[in-house]
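>>> Attaching a predicted model along with its sequence, questions to come.
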Amino acid sequence: MSSPIQYTSRTFNTIMADINSDLDLVDKPDWWKRIWAGVGDVISVYNNAQANQSYLETAFTREAIVKLCRLIDYELSPRSSSSGILMIDILSTASFPKTVAIADVAGLTKGSTSISAKRFEGRVAAVTAIAEVVTATFATDILNVARAWTTGEKFRLTTTSALPDPLVVATDYYAIYVSASQIRVAASRALAVAGTYITLTDAGTGVHTAVPMTALANVYQQSSISEYLAGVGNGVTSWLEIPLADQYILKDTIVVTINSVQWTKVDTLVNSISTDKHYLLIYETDETAKLRFGNGVYGVKPGSFNIYVKYAVGGGANSNVSIEKVIVYGGGDADVELITNLVAFTGGSNIEDIEVARRLAPILLKSRDRFVTDVDGEALALAYGGLSQVRVNPNVYGVLSAQVLGVASGGGNPSAPLKAAIQAYLIERSILESMDIRVEDATITSVAVTCAAKPATGYVFATIKPRVELAWKLFFSETGNEIKTNYISNGIESAVVLINSIFTLSLSASEYTQIVTLLDALEPRNFGDIIQLSDALGYVDQNVIGLDYITLTIPSFPVTLVADEITTNGTITVTEIT
């Protein structure tokens, strides 16, 4: 007897129709027919899901995408850490130049009862600059210097005769950067940041010397884990895997030592030979990690020795902090007076979103991990981690050169350490490892908005005003691509957490419907955009729930950007049309 259910019938209704068309089954009780139609429908859903999970384009779980990407030798980028320059002020009683040891280059945010303090650590020692002779151009209130100073650096002045009036010895001053060879002098760090400088009335007499008393340190949001025994080799097992003890291991901090020799982390063992002491660092979907060693052909098998590891943990999107937040000293150097960050620490990101992996994995498979075209470079830079958007402008500095611009995860330009790391990473993958590749700051142009909004019938201005403000933030922000990708990959709840973090808001589930509407319609900003009035008004007017219409005073359109320029949201002023 043949099956009464057709092969092509996979839904509740079609299976029910097949049952009802069979003369032996049509008179069965309704509950019995509903059970079998329902079972067939659910089985069909599972079969479709299993089929979808077999293809990178249609897979929808992180585990499936990770496994599919590994088949083409692509590992999703793990979480990355924010980084930036920490200012470490030294007591005047110290001997200069002063060196702060690696272990003592550390700072923390204050934290609170609800938010844990974040720790930032250096990876090299920090040293104050060497004292230098300076001269004064008092007509323009300038000190001429020998190196490029950073606004906010503390220093003192000495002289063989008389300092430029009104400057005095044994007094802390703070630099205001003017050019690579010029600074002005401020009486406090706050005044230096504000650009308020001391007016000089003469050039002084004698020889003047500036003694820098601030060490500038590249720091990363991380907590170091001391070396421990992770496992033991045997010289026999191929593809030996050793699980590590912690989550959130930062890939560029791990050190593996076997028989007193440090082994080298590589991205793939395909290019390793039988004598290469190489290993892979592989992340699991729960952000734990393991080491994988070679098989004796592609990388040497570890011998019968203990395998020791040390690394740092941390990072993630919540490692990004704004200015003057890292202010608690976390080291043990008694000569350190105080610390602060005068730039935002950016570049911290969570594990690579599955939508990004779905897009990048095929590109890097075709490029074979080489930087040949601008698309290759953009994919490689994104896969490195810490950036949410990349633009490669070819041949800017001549033939076989490239300008690389990036938006850091969390917004803004990437930090100096991240730019240097990505630049080295791209050069290694360029033609003969010799292309002139420069990772530079983008021009991030703030766009202020002044508009008036008319609430629709049944809505009040107090309700729609924050919605209009959010719409403009999303429309002009350089983080739009990051937010939308997060929304597609992880859903509205995760996207709202990110929006709250980036824009310092407190949006809750009550606004999910509005935010979903805005994100579904959002076309994120790109480098070199030309933004038309119709695009801006259309986005806000059509997608803010409860808005009748708006009128716009500022900015002027079209907003035309050059190749290295992208917008960010500026001051937003929304008034009511009554």
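Right, received. Where do you want to start?

>>> which parts of stretch 356-363 are buried?
By 16 or more other C-beta atoms under 10 Å, the buried positions in stretch 356-363 come out as 356, 357, 358, 360, 361, 362, 363. The C-beta positions use only the backbone N, C-alpha and C, and glycine is treated the same way.

>>> Which member of those residues is positioned nearest residue 384?
Ranked by distance to residue 384 (C-beta to C-beta), those are led by residue 360 at 10.6 Å.

>>> What helices and strands are in contact with the worst-scoring helix or strand of the chain on mean pLDDT?
One helix or strand of the chain scores below all others by mean pLDDT, DSSP states H and E: helix 30-52, with a mean of 82. Contact partners of helix 30-52 among helices and strands, from 3 or more C-beta pairs under 8 Å, 6 or more residues apart in numbering; DSSP states H and E: helix 12-21.

>>> quick one: buried residues of the helix it packs on?
Residues of helix 12-21 classed as buried by neighbour count (16+ other C-beta under 10 Å): 12, 14, 15, 16, 18, 19.

>>> For it, name the packing helices and strands.
helix 30-52.

>>> where exactly do the helices run in the stretch 101-250 of the chain?
189-194 (DSSP state H, counting those that start in this stretch).

>>> Also the stretch 301-450 of the chain?
Ranges of helices in the stretch 301-450 of the chain, per DSSP H, counting those that start in this stretch, are 354-367, 374-384, 416-428.

>>> for the last one, the distance to its chain's centre please.
Going by C-alpha atoms, centre = their mean, to the nearest Å, the spacing between the C-alpha centre of helix 416-428 and its chain's C-alpha centre is 14 Å.

>>> tell me the angle it makes with helix 374-384.
In terms of direction (axes from the mean of the first three to the mean of the last three C-alpha atoms, to 10 degrees), helix 416-428 departs from helix 374-384 by 130 degrees.

>>> ok, residue 260 to residue 235 distance?
Distance, residue 260 to residue 235, by C-beta to C-beta, to the nearest Å: 16 Å.

>>> With residue 369 instead?
The value you get for residue 369 to residue 235, if C-beta to C-beta is used, is 30 Å.

>>> Compare the two and say which is more crowded by neighbours.
Neighbours per residue, other C-beta atoms under 10 Å: of residue 369 and residue 235, the larger number sits with residue 369, 18 against 12.

>>> dump the residue contacts of the more buried one.
By C-beta atoms under 8 Å, 6 or more residues apart in numbering, residue 369 lies in contact with 267, 268, 380, 429.

>>> Backbone dihedrals for it, please?
Backbone torsions for residue 369, taken as degrees, to the nearest 10, come to phi 60, psi 30.

>>> for the one 4 residues further on, same thing?
Summarising the backbone geometry of residue 373 under the convention degrees, to the nearest 10, its torsions are phi -110, psi 170.

>>> Now it. Nearest residue, chain neighbours left out?
residue 367 (7.4 Å; C-beta to C-beta, 6 or more residues apart in numbering).

>>> Wait, the one you found touches residue 378, no?
No - counting by C-beta atoms under 8 Å, residue 367 does not reach residue 378; the two are 10.5 Å apart.

>>> More neighbours: which of those two?
More crowded of residue 367 and residue 378, by other C-beta under 10 Å: residue 378, with 21 against 17.

>>> where does that one land on pLDDT?
pLDDT recorded at residue 378 is 93.

>>> With residue 270 instead?
pLDDT recorded at residue 270 is 85.

>>> Adjust the sequence numbering to begin at 43 for everything that follows.
Will do, 43 is the new start, and the previous item becomes residue 312.

>>> Next, the contact list for it, please.
115, 340 are the contacts of residue 312 under C-beta under 8 Å, 6+ apart.

>>> Also residue 168?
Residue 168 touches 130, 141, 142, 147, 257, 258, 259, counting by C-beta under 8 Å, 6+ apart.

>>> Quick check: the fourth one touching residue 127?
No - Residue 147 is not in contact with residue 127 according to C-beta under 8 Å; the separation is 11.5 Å.

>>> quick one: common contacting residues for these two?
What both residue 147 and residue 127 touch, as defined by C-beta under 8 Å, 6+ apart, is the set 259, 261.

>>> Neighbour count for these two, which is higher?
Under the criterion of other C-beta under 10 Å, the comparison of residue 147 against residue 127 puts residue 147 first, with 25 against 17.

>>> how close does the more buried one get to residue 126?
13 Å.

>>> do the same with residue 312
For residue 312, the distance to residue 126 - C-beta to C-beta - is 35 Å.

>>> residue contacts, the closest residue to residue 469 other than its chain neighbours?
Among residues not flanking residue 469 along the chain, residue 479 sits closest, at 5.2 Å (C-beta to C-beta, 6+ apart). Residue 479 makes contact with 413, 419, 443, 444, 446, 465, 468, 469, 472, according to C-beta under 8 Å, 6+ apart.

>>> Cool, thanks, signing off.
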